[in-house]
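Asker: Mind looking at a prediction? Sequence and model below.
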Amino acid sequence: MDGQEEMTKDPLFLAVTRPALWAGVPIEAGALIIMAGAITLVGSGNPLYGGAAAVALYAMARLIVRHDVNAFRLIFLWGRTKAANRNRVFWGGSSYTPLPLYGIKRKGFGRGVR
């Protein structure tokens, strides 16, 4: 073999990276749908409104997942990274820092002293 061994290649199948599904939507989205339906039920007092809200959200979730089952994973990742940046308006985009962004706290300021 001339000193070089041939590497074996194992393809990574879609089933390995596929998220756990409940009724065709990822479990995270299913949990949000159930919570939104329950909040609507408690808020309105009518089970038809809660059911209608859950069915509408389920239909939207199925439309999102129709082409890519990892779409909710990407949406949640966007929410944890880019949407959570408080300084994106200042910089005109996402800017990451290893330090937490807290306001400057000085003694004597902000205590209602005029």
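Answerer: Right, received. Where do you want to start?
Asker: What's the first helix or strand after the worst-scoring helix or strand of the chain on mean pLDDT?
Answerer: Sorting the helices and strands of the chain by mean pLDDT, DSSP states H and E puts helix 14-17 at the bottom, at a mean of 70. The element immediately downstream of helix 14-17 (helix or strand, assigned by DSSP states H and E) is strand 21-22.
Asker: Can you report the mean pLDDT over the residues of the next helix or strand after that following strand?
Answerer: Once the chain leaves strand 21-22, the next helix or strand it forms, by DSSP H and E, is strand 25-26. The average pLDDT for strand 25-26 rounds to 92.
Asker: Quickly run through the sheet partners of strand 25-26, with directions.
Answerer: Partner strands for strand 25-26, per DSSP bridges, with pairing direction: strand 21-22 (antiparallel).
Asker: Just checking the distance from the partner strand to the centre of its chain.
Answerer: When distances are taken as Cα atoms, centre = their mean, to the nearest Å, strand 21-22 is centred 16 Å away from the chain's centroid.
Asker: can you check stretch 35-45 too?
Answerer: 21 Å.
Asker: ditto for stretch 20-29
Answerer: For stretch 20-29, the distance to the chain centre is 13 Å (Cα atoms, centre = their mean).
Asker: ditto for stretch 23-33
Answerer: Worked out by Cα atoms, centre = their mean, stretch 23-33 lies 12 Å from the chain centre.
Asker: Now it: buried residues?
Answerer: For stretch 23-33, a neighbour-count test (16 or more other Cβ atoms under 10 Å) marks 25-26, 29-30, 32-33 as buried. (C-beta placed from N, C-alpha, C; glycine too.)
Asker: try stretch 35-55
Answerer: 37, 40-41, 50, 53-54.
Asker: doesn't Ala52 fall inside a helix?
Answerer: Yes. Assessed with DSSP: H, G, I helix; E, B strand; the rest coil, Ala52 lies in a helix.
Asker: Now do it, the pLDDT please.
Answerer: For Ala52, the predicted pLDDT is 97.
Asker: Contact partners for the residue positioned nearest the centre of the chain?
Answerer: Nearest to the mean C-alpha position of the chain, by Cα atoms, centre = their mean, lies Phe76 at 1.3 Å. The contact partners of Phe76, taken as Cβ atoms under 8 Å, 6 or more residues apart in numbering, are Glu28.
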